[in-house]
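J.: For reference, the sequence and a predicted model appear below.
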Amino acid sequence: MTESDPKVTDLLKTVFGFDGFRPGQGEVVEAVTTGQDTLAIMPTGGGKSLCFQLPALLRGGVTLVISPLIALMRDQVRALRANGVAAGALTSGNTEEETAQVFDDLHAGRLKLLYMAPERLASGAARHMLAGADISLIAVDEAHCVSQWGHDFRPDYLEIGRLRAELDVPLAAFTATADAETQQEIVNRLFAGVQPRTFLRGFDRPNIHLAFAAKNKPRDQLLSFAAARKGLAGIVYCGTRARTETLAAALGREGHTTAFYHGGMEADARREVEARFQREDGLIVVATVAFGMGVDKPDIRWVAHADLPKSIEAYYQEIGRAGRDGAPAETLTLYGADDIRLRRSQIDEGLAPPERRVADHGRLNALLGLAEALGCRRRVLLSYFGEESGDCGNCDLCQTPPETFDGTDAVRKGLSAALRTGEWFGSGHLIDIVMGIRTEKVLARGHEDLPTFGVGKDLSRAQWQAVFRQMMGHDLMRPDPERHGALRMTQEARPILRGEATITLRRDLIKKATSRPAVKM
Ligand code: ADP
Ligand code: ZN
């Protein structure tokens with residue numbers, strides 16, 4: 001199943017709010033949708049639920065989902081319904097009304113997904129009901145619960161194999177437990193010993209070097225990154241269409257062969273760039289995220305982000321286009337306070353429902369956590385996708401550990417300046433206050449009388465800018481779209497303000513900023 005299938009892309013976007021698949025999801029969705037018995041082993045947080053929810057929408061009939069986690073089932077049903085998908089659950093937590101409704105919907109052929117707790121399977125009534133319904137697929141979450149030797153053994157899971165035989169429909173089993181013994185038990189008990197299509201996929205791409213840098217004359221940063229890789233095929237991702245054109249021109253002036261690419265171009269012109277990229281050696285394509293879906297070039301040697309991507313998933317997908325041949329590839333992601341503000345406001349001002357906005361902020365936070373990481377970036381990245389790993393030795397932070405300092409005091413001063421001014425101001429004014437600068441705005445508002453006025457003279461403006469950027473990066477403060485982007489404290493910041501938690505900030509970024517204080521970060 002590919003993202004280039006418009007139906008899939010459309011469902012991904014409209015029902016789930018995703019721009020594409022995560023690594024591994026596409027193949028599993030394809031296998032499950034085409035009715036193959038499937039065993040998928042994916043790390044927790046890797047995105048298993050999409051691998052049966054999307055096929056459920058693409059297939060006829062009802063998908064029966066068996067999961068031991070009642071709260072999780074209820075969450076999924078609520079989220080699906082909120083996005084217009086007919087889903088229902090039969091669990092011990094149901095009211096009689098809810099149960100009656102689910103039965104009605106099922107009989108009327110209205111349901112697409114029916115979630116069920118395993119203990120229900122033992123009852124004759126439930127089996128009778130399932131036999132009479134148009135079940136076309138069984139999805140088993142936490143499939144390792146069938147293993148008698150595991151910690152999570154659920155005797156009722158043993159019924160699933162029998163149910164599958166009775167209904168004679170394909171079965172898709174999901175688990176995060178990867179050991180061979182558990183896998184064999186799943187195959188024996190759920191698939192009657194016949195090996196299903198099995199997907200076991202980690203997220204690591206060890207040949208890709210990871211690096212981030214705070215913006216500091218970003219165009220120069222980018223040009224010097226490209227200069228060191230002259231003649232090698234690369235992609236530069238930009239936040240806006242206009243920027244793709246100006247950056248491509250700037251790179252061209254440095255003697256690179258370049259093309260730009262964005263969604264505002266004619267289809268023919270876009271295809272031409274795609275074909276050139278495939279064919280020519282060492283072309284640099286400067287593009288928006290529109291570039292990539294159809295690109296399948298194995299020897300892309302580098303990917304740079306001139307602006308911060310919108311989420312950790314987008315980041316992973318975009319850097320993942322480099323080095324598909326397994327040979328070393330390099331990446332660089334530039335980011336600054338303006339990027340954070342822009343990404344936040346795009347989420348806040350978008351049309352997505354509130355639940356999804358919260359999730360989008362979360363995915364942006366994960367990316368910012370990666371940007372401001374203090375240790376191995378690959379560890380941070382993989383742990384987001386549920387995989388544990390050691391330090392990789394192939395990222396900027398493994399190679400040059402950042403200098404850090406206790407930023408608690410600076411952060412508290414910054415927070416206090418915001419709170420004492422009613423959370424109505426942006427970082428520029430707050431920095432004037434802590435630095436004790438009598439600007440017109442400060443005087444007009446009487447802010448020179450605040451106890452916070454001038455408490456931060458020990459840091460330069462550039463240093464304060466870096467502190468505020470990191471505060472935003474750690475989600476201690478967020479711009480409020482209803483207050484023209486004024487910074488407001490988040491719940492995360494409370495423990496620090498109250499002196500119950502400390503925070504470590506990166507010094508190296510501050511130093512870099514100090515050496516060229518005039519730039520916009
Ligand atoms: P698992 O069941 O594997 O632990 P989930 O299915 O709950 O994981 O997904 C984990 C998180 O990843 C969820 O917040 C989900 O919204 C998000 N997610 C899953 N697939 C995608 C995708 N293709 N793009 C972006 N986010 C995704
Ligand atoms: Zn590392």
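T.: Arrived safely. Ligands and ions are numbered 1, 2, ... in the order given.

J.: Please report phi then psi for residue 505.
T.: For residue 505, the backbone dihedrals are phi -110, psi 170 (criterion: degrees, to the nearest 10).

J.: Show the contacting residues for the closest residue to it other than its chain neighbours.
T.: Excluding the flanking residues, the one nearest residue 505 by C-beta to C-beta, 6 or more residues apart in numbering is residue 407, at 3.2 Å. Glycine gets a C-beta too; all of them are placed from N, C-alpha and C. The contact partners of residue 407, by C-beta atoms under 8 Å, 6 or more residues apart in numbering, come to 467, 470, 503, 504, 505.

J.: Drop anything exposed from the residues you listed.
T.: When burial is judged by neighbour count using 16 or more other C-beta atoms under 10 Å, the buried members of those are 467, 470, 503, 505.

J.: did I read that right, the first one in a helix?
T.: It refers to residue 467. Yes: secondary structure of residue 467 (DSSP: H, G, I helix; E, B strand; the rest coil): part of a helix.

J.: was I right about it contacting residue 409?
T.: No: because the distance of 10.2 Å does not satisfy C-beta atoms under 8 Å, residue 467 is recorded as not touching residue 409.

J.: Could you check how far the spatially closest residue to residue 67 that is not a sequence neighbour is from ligand 2?
T.: The spatial neighbour of residue 67 that comes closest, neighbours along the chain excluded (C-beta to C-beta, 6+ apart), is residue 141 at 3.9 Å. As judged by C-beta to the ion, to the nearest Å, residue 141 and ligand 2 stand 32 Å apart.

J.: Repeat that for residue 400.
T.: With distances defined as C-beta to the ion, the gap from residue 400 to ligand 2 amounts to 11 Å.

J.: Look up how far ligand 1 lies from that residue.
T.: As defined by C-beta to the nearest ligand atom, to the nearest Å, residue 400 lies at a distance of 31 Å from ligand 1.

J.: so what's that residue scoring on pLDDT?
T.: With respect to pLDDT, residue 400 scores 93.

J.: circling back to that earlier point, so of the contacts of residue 407, which two are at opposite extremes in space?
T.: Between any two of those, the greatest separation by C-beta to C-beta is 12.2 Å, found for 467 and 504.

J.: now the contacts of residue 407 as JSON lines including distance to residue 335?
T.: Written out in JSON lines, the entries for the contacts of residue 407 read as follows (distance: C-beta to C-beta, whole Å):
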{"residue": "467", "distance to residue 335": "15"}
{"residue": "470", "distance to residue 335": "11"}
{"residue": "503", "distance to residue 335": "19"}
{"residue": "504", "distance to residue 335": "19"}
{"residue": "505", "distance to residue 335": "15"}
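
J.: what's the burial count for residue 433?
T.: Counted with other C-beta atoms under 10 Å, residues neighbouring residue 433 total 28.

J.: er, residue 111 I mean
T.: When neighbours are defined as other C-beta under 10 Å, residue 111 has 25 of them.

J.: Show the contacting residues for it.
T.: Neighbouring residues of residue 111 by C-beta under 8 Å, 6+ apart: 62, 86, 87, 88, 102, 105.

J.: Pick the one among the residues you listed closest to ligand 2.
T.: Closest to ligand 2 out of the contacts of residue 111 is residue 87 (40.5 Å), distances taken as C-beta to the ion.

J.: Restricted to helices, list the contacts of residue 111.
T.: Counting by DSSP state H, the members of the contacts of residue 111 that fall within helices are 102, 105.

J.: OK, contacts around residue 350?
T.: The neighbourhood of residue 350, defined by C-beta under 8 Å, 6+ apart, consists of 357, 360.

J.: same deal with residue 235?
T.: The neighbourhood of residue 235, defined by C-beta under 8 Å, 6+ apart, consists of 284-287, 291-292, 300, 302-304, 318, 321-322.

J.: Over to residue 90?
T.: By C-beta under 8 Å, 6+ apart, the contact set of residue 90 is 99, 102, 114, 115, 116, 117, 120, 126.

J.: Skipping adjacent residues, who's closest to it in space?
T.: residue 116 (4.9 Å).

J.: who's in contact with the lengthiest helix in the chain?
T.: Longest among the helix segments of the chain by residue count, using DSSP H, is helix 354-371. In this structure, residues lying in contact with helix 354-371 by C-beta under 8 Å, 6+ apart are 17, 79, 82, 212, 308-315, 333, 335, 340, 343-344, 347-348, 350, 352, 377, 380-381, 384, 472-475, 478.

J.: which ones among these are found in strands?
T.: Secondary structure defined by DSSP state E assigns 212, 333, 335, 478 of these to strands.

J.: For those, point out the one with the lowest pLDDT.
T.: Lowest pLDDT of the ones in strands among the contacts of helix 354-371: residue 478, 92.

J.: Identify the bridge partners of that residue.
T.: Beta bridges link residue 478 to residue 488 when assigned by DSSP bridges.

J.: and residue 437, how many residues sit next to it?
T.: Neighbour count of residue 437, defined by other C-beta under 10 Å: 16.

J.: Could you look up the SS state of it?
T.: Under three-state DSSP, residue 437 falls in the coil class.

J.: just to revisit the earlier point, and the residue nearest to residue 505, what pLDDT?
T.: According to the predicted model, the pLDDT of residue 407 comes to 96.

J.: Same check on residue 3?
T.: With respect to pLDDT, residue 3 scores 64.

J.: Repeat that for residue 312.
T.: Residue 312 carries a pLDDT value of 89.

J.: try the one 5 residues further on
T.: We note a pLDDT of 83 for residue 317 in this prediction.

J.: who touches it in this structure?
T.: So, once contact is read as C-beta under 8 Å, 6+ apart, residue 317 ends up touching 20, 22, 23, 292.

J.: any idea how far it is from residue 235?
T.: Relative to residue 235, residue 317 is positioned 12 Å away (C-beta to C-beta, to the nearest Å).

J.: Kindly report the same for residue 265.
T.: To residue 235, residue 265 is 16 Å away according to C-beta to C-beta.

J.: and what of residue 315?
T.: Looking at residue 315 against residue 235, where the rule is C-beta to C-beta, the gap reads 13 Å.

J.: for the contacts of residue 111, which one is nearest residue 160?
T.: Lowest distance from residue 160 to the contacts of residue 111 (C-beta to C-beta) belongs to residue 62, with 16.1 Å.

J.: Looks like the closest one contacts residue 113 (just checking).
T.: Yes: assessed by C-beta under 8 Å, residue 62 is found in contact with residue 113 at 7.0 Å.

J.: Quick check: neighbours shared by these two?
T.: Contact criterion C-beta under 8 Å, 6+ apart; residues bridging residue 62 and residue 113 by contacting each: residue 56.

J.: For the nearest residue to residue 425 once chain neighbours are set aside, give me phi and psi.
T.: Leaving aside its chain neighbours, residue 425 sits nearest to residue 486 (5.5 Å; criterion: C-beta to C-beta, 6+ apart). Main-chain dihedrals, residue 486, degrees, to the nearest 10: phi -60, psi 140.

J.: Can you name the residues that contact residue 486?
T.: Contact analysis of residue 486 by C-beta under 8 Å, 6+ apart lists 423, 424, 425, 426, 479, 480.

J.: Looking at those residues, which are in strands?
T.: Using DSSP E, 479, 480 are the members of these that sit in strands.

J.: Go through the contacts of residue 486 and say which is closest to residue 256.
T.: Within the contacts of residue 486, distances to residue 256 taken as C-beta to C-beta reach their minimum at residue 479, with 35.5 Å.

J.: okay but residue 448 is in contact with residue 440, surely?
T.: No: Residue 448 lies out of contact with residue 440 (C-beta under 8 Å); the separation is 11.3 Å.

J.: Looking at those two, which has the bigger crowd around it?
T.: Under the criterion of other C-beta under 10 Å, the comparison of residue 448 against residue 440 puts residue 448 first, with 15 against 7.

J.: wait, what's in contact with that one?
T.: In this structure, residue 448 makes contact with 436, 438, 442, judged by C-beta under 8 Å, 6+ apart.
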